[in-house]
Each structure stands twice: as C-alpha cells, then as structure tokens.
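Peer 1: Give me the fold of what follows.
(one chain, ligands or ions: 1)
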Amino acid sequence: MQTTTFMKKTLCATAVSAAMVSMSLPALADSWRGWNIHPPGYPNTEALEAFAENVAEKTEGRVEPQVYNNAVLGDQSDAIEQTRSGALDFANFNMGPMGPIVNETNVLSLPFIFSSVDHMHEVMDGEIGQRFADALAEKNLIALSWFDSGARSLYNTSHPVNTPEDVEGLKIRVMNNDLYVEMIEAMGGNATPMSYGEVYQSLKTGVLDGAENNYPSFESSNHYEVANYYSLTEHLIIPECLCIAKSSWEALSEEDQKIVREEAIKASEMQRQLWVEGSKESRQIVEDAGVEINEVEDKSAFQAKMDPVYAGFIEENPELEDLINAIRSSN
Ligand code: GTR
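Peer 2: Coordinates of the predicted model:
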C-alpha cells in the first residue's frame, strides 16, 4: 500500500498524541469547568482566562481549568447551585443572586451600604470579607478572591432619572433577589426579577422600561442600544467572588490549593485594574452611541427611600445588624 502524505501526517499525529498521553499519564489532569456570565474581552473574562491558564501552568497540568463564557452553562442562580453541588468547579459570581442562598451576603445588597468602590474593597479584603467567605463556605462555595463590579445605576428607555419621582411607574428589571424588588418599589418603580440574558429582548419589546447595572455590563449586553438614558444613581456597589466548588477544592493537594489561591488573588488584582480601564471605555462607547448620561444631584433623596428597606431587613435578620453597622462605621 502506498503511503500518502495525508496518511503520513495522520500516523505522525497519532504517534505524537500517543506519546503525549503516555507522558501525561502519571498525573491525571483534573478538568475544571468554570462558569462565566460575560463575553470574551470583558474584564472578568480576561482575568478568569488568565487564572485558568496560570493554574494549568503552575500545577503542571494537574488542574486544567476551562472557562465557559456568556452563561452557556446556565443562568447565574442555576450556576450557583451547580457549583455548590460540584457539577461546576469554579465561577465568578455576583453577590446579588447569592443572597437567596447565603443569607449573610444580602447585607452586600443593601442599597448604599458602601460609600464608594474603595470602601467596598477595603471591607471585602479585610476581616469582614472573611466573614462573608466563611458564610459562603458553609454553603459549599470557597471564595478565594473578590472582583470589582463598580457601582450599579438605573437606565431606561424613556427619560433621565433625577429623583425617585422619575422612577414612578417604570418597569425595572432586577437580579434574582427579593431585596431588589423592595429597593425598586421603595423608589416608586415596578420591579421584575429576570435573568440577565433575557433583559435585552424585554427592553426592546417594551416588557421592561429599564434595568440597572454598571457601565461594562450596560455596554457589553448591548442594553444601551435600546435604553438611552443612564442615570448615575449608584445605588448598589456589589462585590463578586472567584469561587471554587468545595468538592473540587478539597480534592486538591495542599500544594495545589496554595497555587489556586495565589492565582485567584492575582486574577482579582488583574480584574480590578482592567475594570477601571474597561469602565471608562464602556462609558465612552455608550456616549458615542448617543446614550444620555446624567449625574443625580441629590442622591440622598434615593437614600432616604431606603430606610424602610433597611428596617424590614433588620427586623427579619436581627443577627445581621452588627455586620451592617460594622460596614457602615468602617468608612
Ligand atoms: C453584572 C454582573 C453579573 C450579573 C449581571 C446581572 O454586572 O457582573 O454577574 O449579575 O450584572 O445584572 O445579572
């Protein structure tokens, strides 16, 4: 039989992969599936991809993380459950949809709890942040580092928002957490909890009048194409975790745990840097596309509306009052 070039190449490739398989046999790679809601190029995506690459390299292939972007593995609430059960190995989660599962994290969803993004980082990187990490660990999620998610502001399809009266009657999408329903209703709007991936179409067809998010998400989700008014209410500053499934974490050797932890911290440093740049770029993109951005002169009018939200929360969770006070007084 004549050996064609194609056959030679195939034989050669087979020999090479057989050699590679035998070379990697002693250390069976642990393939990790990672959930990510954002598209390629987004600050969080870049940081998660660097995390995956560095972990694979530093563990010499013992752990091979792979990031699945654009929420292809399920919406956020679903992915949290999948990570808790170990069906997914790691993820970048916003603490908003975490509230219904890890009650303590609802404190981070109280409107205006942090006075600035810097304040949020200080708190999360310190002892109080560890308290949240402990609460997550009890629910099988190992939070190794905290990402930035900026400040969330309201946007809508019809007019600039300057006062709570401007929110009246607007149908606003919120993340899956009852606290946000209370928050929007306290502002005078109608809240609709909905998963992120459904918002664009709902804004376009008028099922929703608006939503709320930071600049990078407002831009990358293309919501700005249909909602032209972005008003800087900055009512929520919510941290995000790089979380590992407890079962995946416990399956690691001590040496590999150390590597994964270090890389998660490096990934958060990278994400925070990219975030600053990315937020400016996203703001520019939406402005260039004709979005009207307005400062909200008197945010205290919005803050005052939140008093009953706090009162109701503390009444239901008296054990969390000291945590709220600790955050507020840490500023
Ligand atoms: C983004 C956040 C996502 C997701 C999204 C949303 O800012 O990074 O994890 O929570 O908002 O509004 O659902």
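Peer 1: Pull up the residues of this protein that are close to the ligand.
Peer 2: 37, 76, 94, 96, 149, 175, 196, 213-214, 217, 240 (CB under 6 Å from any ligand atom). Where C-beta positions appear, they are placed from N, C-alpha and C, glycine not excepted.
Peer 1: tell me the contacts of residue 110?
Peer 2: If you count contacts by CB atoms under 8 Å, 6 or more residues apart in numbering, residue 110 has them with 179, 306, 309-310, 313, 324.
Peer 1: ok, and the most crowded of those?
Peer 2: residue 179 (22 neighbours; other CB atoms under 10 Å).
Peer 1: quick one, longest helix in the chain?
Peer 2: Using DSSP state H to define each element, the chain has its longest helix at helix 254-288.
Peer 1: Output the host helix or strand of residue 130 as CSV, restricted to C-alpha atoms.
Peer 2: Assigned by DSSP states H and E, residue 130 belongs to helix 127-138. Extracted C-alpha coordinates of helix 127-138, given in CSV (Å, rounded to 0.1, in the frame of the first residue of the first chain):
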residue,chain,number,x,y,z
GLU,A,127,-11.8,40.7,58.4
ILE,A,128,-15.4,41.5,57.4
GLY,A,129,-14.8,40.0,53.9
GLN,A,130,-13.6,36.8,55.7
ARG,A,131,-17.0,36.6,57.5
PHE,A,132,-18.7,36.5,54.1
ALA,A,133,-16.2,33.9,52.8
ASP,A,134,-17.0,31.8,55.9
ALA,A,135,-20.7,32.0,55.2
LEU,A,136,-20.2,31.0,51.6
ALA,A,137,-18.0,28.1,52.7
GLU,A,138,-20.8,26.8,54.8
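Peer 1: Give me the packing partners of it, helices and strands only.
Peer 2: strand 141-147, strand 240-245, helix 321-329 (3 or more CB pairs under 8 Å, 6 or more residues apart in numbering; DSSP states H and E).
Peer 1: Beyond the first one, next helix or strand please.
Peer 2: Same thing as strand 141-147. Assigned by DSSP H and E, the successor of strand 141-147 is strand 152-156.
Peer 1: For that next one, which outside residues touch it?
Peer 2: Outside strand 152-156, the residues that touch it by CB under 8 Å, 6+ apart are 161, 167, 170, 172, 209-214, 218, 223-224, 227, 229-238, 291.
Peer 1: same question, stretch 314-328
Peer 2: Outside stretch 314-328, the residues that touch it by CB under 8 Å, 6+ apart are 103-104, 106-107, 110, 113-114, 123, 128, 131, 310, 313.
Peer 1: Residue 236 pairs with what?
Peer 2: residue 152 (DSSP bridges).
Peer 1: Show me the strands in the stretch 51-200 of the chain, by range?
Peer 2: Applying DSSP state E, counting those that start in this stretch to the stretch 51-200 of the chain gives strands spanning 63-68, 90-94, 141-147, 152-156, 171-174, 190-193.
Peer 1: With respect to burial, which of the ones you listed scores highest?
Peer 2: Mean neighbours per residue, mean count of other CB atoms under 10 Å, is largest over the strands of the stretch 51-200 of the chain for strand 90-94, with a mean of 27.
Peer 1: now the angle from that strand to strand 152-156?
Peer 2: 70 degrees (axes from the mean of the first three to the mean of the last three CA atoms, to 10 degrees).
Peer 1: Generate a ChimeraX selection restricted to the buried subset of the contacts of strand 152-156.
Peer 2: A single ChimeraX command selects the buried members of these (16 or more other CB atoms under 10 Å):
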select :161,167,170,172,209,210,211,212,213,214,218,223,224,227,229,230,231,233,234,235,236,237,238,291
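Peer 1: Filter the contacts of strand 152-156 down to just the ones in helices.
Peer 2: Judged by DSSP H, the contacts of strand 152-156 include residue 218 as members of helices.
Peer 1: just to revisit the earlier point, which strands and helices lie in contact with the longest helix of the chain?
Peer 2: With 3+ CB pairs under 8 Å, 6+ apart as the test, helix 254-288 has helix 43-58, strand 141-147, helix 215-220, strand 240-245, strand 292-295 packed against it.
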